[in-house]
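> sequence first, predicted coordinates after that:
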Protein chains: 2
Amino acid sequence: MKIDGKPTRTIWLDEDGRSIGIIDQTQLPHRFVTTRLATLADAAHAIQSMQVRGAPLIGAAAAYGLWLALKADASDDHLDRAYATLLATRPTAINLKWALDELMAAVRNRPRAERAQAALARAGEIAEEDVAINRAIGRHGLKLIEEIAAHKKNGERVNVLTHCNAGWLATVDWGTATAPIYMAHDKGVGVHVFADETRPRNQGASLTAWELNKHGVPHTVIPDNTGGHLMQHGLVDLAIVGTDRVTAQGDVCNKIGTYLKALAARDNNVPFYVALPSPTIDFSVSDGITEIPIEQRGTEEVATMTGKTKDGRIETVQVVPDGSPVANYAFDVTPARLVTGLITERGIIGASRAQLAAAFPERSQSR
Amino acid sequence: MKIDGKPTRTIWLDEDGRSIGIIDQTQLPHRFVTTRLATLADAAHAIQSMQVRGAPLIGAAAAYGLWLALKADASDDHLDRAYATLLATRPTAINLKWALDELMAAVRNRPRAERAQAALARAGEIAEEDVAINRAIGRHGLKLIEEIAAHKKNGERVNVLTHCNAGWLATVDWGTATAPIYMAHDKGVGVHVFADETRPRNQGASLTAWELNKHGVPHTVIPDNTGGHLMQHGLVDLAIVGTDRVTAQGDVCNKIGTYLKALAARDNNVPFYVALPSPTIDFSVSDGITEIPIEQRGTEEVATMTGKTKDGRIETVQVVPDGSPVANYAFDVTPARLVTGLITERGIIGASRAQLAAAFPERSQSR
């Protein structure tokens, strides 16, 4: 997508052909900083410190990280150590392991002299595949927005609510939930986004709002408490969110608070869609509520907020009283019954076991 | 309630008999500061700047403010000017006008020499009436907690979720939603509170958590996004919230986000109660969603957060990107169908036109 008019991706091969460029997302939204990854250690640090985040982007960064490792030392030993180092950076990220396994398959049986080149080629393919998947998600989701736009009076925008960041910053380009929005906007369909702030970590206010703003998409940041009120008053036409994992029966695990928005959407007849690349579907899990363990993260994410002071310093402040305990559940599960549809690269499908199996027979049958 | 063991109210007649003491709530939770109001201007400033906030406390502060005005000048002119000054501090606060009208009725037909004394007496009564109402709410709500506790295994606590601050800090003492909780705790019934952070303004994290902590009630601060997940997993036994206005048919207007918690409670069979003093019922309004205009407040409440830095300074930081618009709806409306019951000073009643009219015939029939 664009930053102030300039097409940009979240990760790229540097002009020197020897390093990788990324946006340091820990500095957003108050500072736009790009940085170069020249070594395995750089790549591991970038993933671990969340300079790059979002499942698809983590996968691409890990793939390029293995290339950086092999460029320095293409031995079996070093390959295995690099694989282990990168895998340990974010132990629960499914895409990370998938991307590393893809790279291993591409290089292991080659002579050392060819390994780095083969790794770079496969890493580039992984990045391009992500872009292609998101573009396909965008094309399918665009139809939903266009259908609503067709029933609007002149000049009225389609209002989309989203939660957290399933934007291009979480992928290589386009994003998942945002792909239909960017396509609609670029095509001249009037679209406006309500971006949930998304406590804790504030990915909606920090990342979604930033990328929409830089691309020029009209949007409004709202507290997480606000979406229900907006839906009651007809101010939301549809909700589109991303997901970390979809189960075989269509339950959706996503950033904490997604479930509350799905309930409000159902109570007010607002369509609630989930955009996802199909690798996000986990056919080994059925009931999301009982089977998916919900990670509890550090309490400082709730107890503090980081932002910009009036004089431009980045400062972290404590927002709970000394002595008050805090809980930080990272995700919740939205039951399939509340999901209007899943926007995948193969089209929009119902959130049910039958429809998921029909759309992805090669994956559901292998179980 | 207690602060570190010492019984404290939010407003009191100073020992000198000539001024009013308050807690400066704008300094909470990081600094506990009390301040004296000696003049009408002090009282008006305290209300306007939200050193005192919460409908019942605003009413008591305004009443004492009129006393302070009459103490300085008991003329008709000054009385009228003081009334207008105090009324203008928070134009939408219903209790403010009610308390001022009570004071006017108590002093207007008296000779000047008696007015200040009469005002002080009536202000004191208003404060005591608030305490008595909240104590009655507490006694009725306590039964709900005790019933749940009776079915718990040894040592298991009753988990109550609350939103925003309907605590003793919003009243003269006890609070509304918190009164049953404090009574249960003081009686030795094991109770634990999940306090929603409550963005924007963070009254849950700043005020509810602070007062529970100071009184010694076990509690956990959670992001507003978390309650649905907790309810899905059986971690919430009941929800109790306060309200700014209840309509004749039982719709509940309260801090934005209350509706989302009510939806989650319904979806998970968690009882959802609203605690209120009966003056909060507005028999002139029926459908809360269509008839109650929702105030939009300043965007800086969403765009910034205030807290304590590591070195103890209070700092405000911007948490949205430069250039991203923000919306700040202050309240939402929870339809009566989602409310299990209303905990009032006359007992627990259903959120319906018939039950409200039966419980408060003298008020519903005057319409």
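Arrived safely, thanks for sending.
> for chain B, see how far away the closest residue to A:L37 other than its chain neighbours is.
Nearest residue to A:L37 in three dimensions, chain neighbours excluded: A:I20, at 4.4 Å (C-beta to C-beta, 6 or more residues apart in numbering or on different chains). Placement of C-beta: from N, CA and C, glycine included. Distance check for A:I20 against chain B: by C-beta to the nearest C-beta, to the nearest Å, it reads 25 Å.
> thought A:I20 was touching A:T39?
No. In this structure A:I20 lies outside contact range of A:T39 using C-beta atoms under 8 Å: 10.2 Å.
> name the residues contacting each of the two.
Common contacts of A:I20 and A:T39, defined by C-beta atoms under 8 Å, 6 or more residues apart in numbering or on different chains, comprise A:L68.
> ok, back up a step: count of residues packed around the residue nearest to A:L37?
With neighbours defined by other C-beta atoms under 10 Å in any protein chain shown, the count for A:I20 comes to 25.
> in contact with it, which residues?
Applying C-beta under 8 Å, 6+ apart, the residues contacting A:I20 are A:I11, A:W12, A:L13, A:D14, A:R36, A:L37, A:A38, A:A43, A:A61, A:Y64, A:L68.
> can you name the residue of the stretch 51-200 of chain A nearest to chain B?
A:R199 (4.2 Å; C-beta to the nearest C-beta).
> flag every residue of the stretch 101-250 of chain A that's near chain B.
Applying C-beta under 8 Å from any C-beta of the partner chain, one finds that the stretch 101-250 of chain A approaches chain B through A:194-195, A:197-200, A:202, A:205-206, A:209-210, A:212-213, A:219-230, A:232-233.
> list buried residues within the residues you listed.
A:194-195, A:197-200, A:202, A:205-206, A:209-210, A:212-213, A:219-230, A:232 (16 or more other C-beta atoms under 10 Å in any protein chain shown).
> give me the phi and psi for the closest residue to A:N202 other than its chain neighbours.
Nearest non-adjacent residue to A:N202, counting by C-beta to C-beta, 6+ apart: B:V319, 6.1 Å away. Taking degrees, to the nearest 10, you get phi -120, psi 10 for the backbone angles of B:V319.
> if I pick B:V319, what's in contact with it?
Shown in contact with B:V319 (C-beta under 8 Å, 6+ apart): A:E197, A:N202, A:A205, A:S206, A:M305, A:T306, A:G307, B:A303, B:T304, B:M305.
> check A:A149 too.
With C-beta under 8 Å, 6+ apart, A:A149 has these contacts: A:V158, A:A184, A:V189, A:G190, A:V191.
> okay, now the nearest residue to A:R18 once chain neighbours are set aside: neighbour count?
Distances taken as C-beta to C-beta, 6+ apart place A:A38 nearest to A:R18, at 7.0 Å, with adjacent residues excluded. By other C-beta under 10 Å, the residues close to A:A38 number 15.
> same check, this time on A:R157
16.
> repeat for the one 5 residues further on
Residues contacting A:T162 under the criterion other C-beta under 10 Å number 28.
> ok, it to B:V241 distance?
27 Å (C-beta to C-beta, to the nearest Å).
> and A:D73, by the same measure?
61 Å.
> who are the packing partners of the helix or strand containing A:L79?
Under the criterion of DSSP states H and E, A:L79 resides in helix A:76-87. Packing contacts for helix A:76-87, counted by 3 or more C-beta pairs under 8 Å, 6 or more residues apart in numbering or on different chains; DSSP states H and E, involve helix A:40-48, helix A:55-72, helix A:94-107.
> looking at these, which one is packed in the most?
Burial of these is given as mean neighbour count (mean count of other C-beta atoms under 10 Å in any protein chain shown); helix A:55-72 ranks first at a mean of 26.
> got the angle between that helix and helix A:94-107?
Orientation of helix A:55-72 against helix A:94-107 (axes from the mean of the first three to the mean of the last three C-alpha atoms, to 10 degrees) gives an angle of 40 degrees.
> okay, the helices and strands packed on helix A:76-87 in a markdown table with mean pLDDT and distance to B:F360 next?
Output for the helices and strands packed on helix A:76-87, formatted as a markdown table (pLDDT from 0 to 100; distance: least, C-beta to C-beta, whole Å):
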| stretch | mean pLDDT | distance to B:F360 |
| --- | --- | --- |
| helix A:40-48 | 97 | 60 |
| helix A:55-72 | 96 | 55 |
| helix A:94-107 | 93 | 57 |
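> quick one: low-confidence parts of chain A?
Chain A contains residues with pLDDT under 70 at A:92, A:366-367.
> pull the longest helix from it.
Identified as the longest helix of chain A according to DSSP state H is helix A:112-150.
> and that helix, how far out from the chain's middle?
Centre-to-centre, helix A:112-150 and its host chain are 13 Å apart (C-alpha atoms, centre = their mean, to the nearest Å).
> which helix or strand lies directly C-terminal to that helix?
strand A:158-162.
> now do that next one: which elements does it pack against?
With contacts defined as 3+ C-beta pairs under 8 Å, 6+ apart, the packing partners of strand A:158-162 are helix A:112-150, helix A:179-186, strand A:191-196, helix A:227-232, strand A:238-241.
> direction included, what does that strand pair against?
Next to strand A:158-162 in the sheet, as set by DSSP bridges, lie strand A:191-196 (parallel), strand A:238-241 (parallel).
> which outside residues touch the longest one?
Identification of contacts with strand A:191-196 by C-beta under 8 Å, 6+ apart yields A:145, A:149, A:157-164, A:181, A:184-185, A:204-205, A:208-209, A:212, A:217-224, A:226-227, A:230, A:235-236, A:257, A:261, B:324, B:327.
> list the contacts of A:L120.
A:L13, A:Y64, A:W67.
> neighbours of A:E125, how many?
Around A:E125 there are 13 residues (other C-beta under 10 Å).
> tell me the contacts of it?
Applying C-beta under 8 Å, 6+ apart, no residues contact A:E125.
> am I right that A:G323 falls within a helix?
No. Counting by DSSP: H, G, I helix; E, B strand; the rest coil, A:G323 is not part of a helix but coil.
> burial measure for it, as a count.
Using other C-beta under 10 Å, the number of residues around A:G323 comes to 10.
> same check on A:D80?
12.
> and it, how close does it get to B:Q232?
41 Å.
> chain center to stretch A:256-276: distance?
Counting by C-alpha atoms, centre = their mean, stretch A:256-276 comes out at 18 Å from the chain centroid.
> sorry, wrong one. I was asking about stretch A:7-27.
17 Å.
> which parts of the stretch 201-350 of chain A are helices?
Along the stretch 201-350 of chain A, the segments classed as helices by DSSP state H, counting those that start in this stretch run A:203, A:209-215, A:227-232, A:258-267, A:288-291, A:300-303.
> reformat the ones you listed as CSV; add distance to A:I47.
CSV is the format used below for the helices of the stretch 201-350 of chain A (distance: least, C-beta to C-beta, whole Å):
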stretch, distance to A:I47
helix A:203, 17
helix A:209-215, 20
helix A:227-232, 31
helix A:258-267, 24
helix A:288-291, 26
helix A:300-303, 18
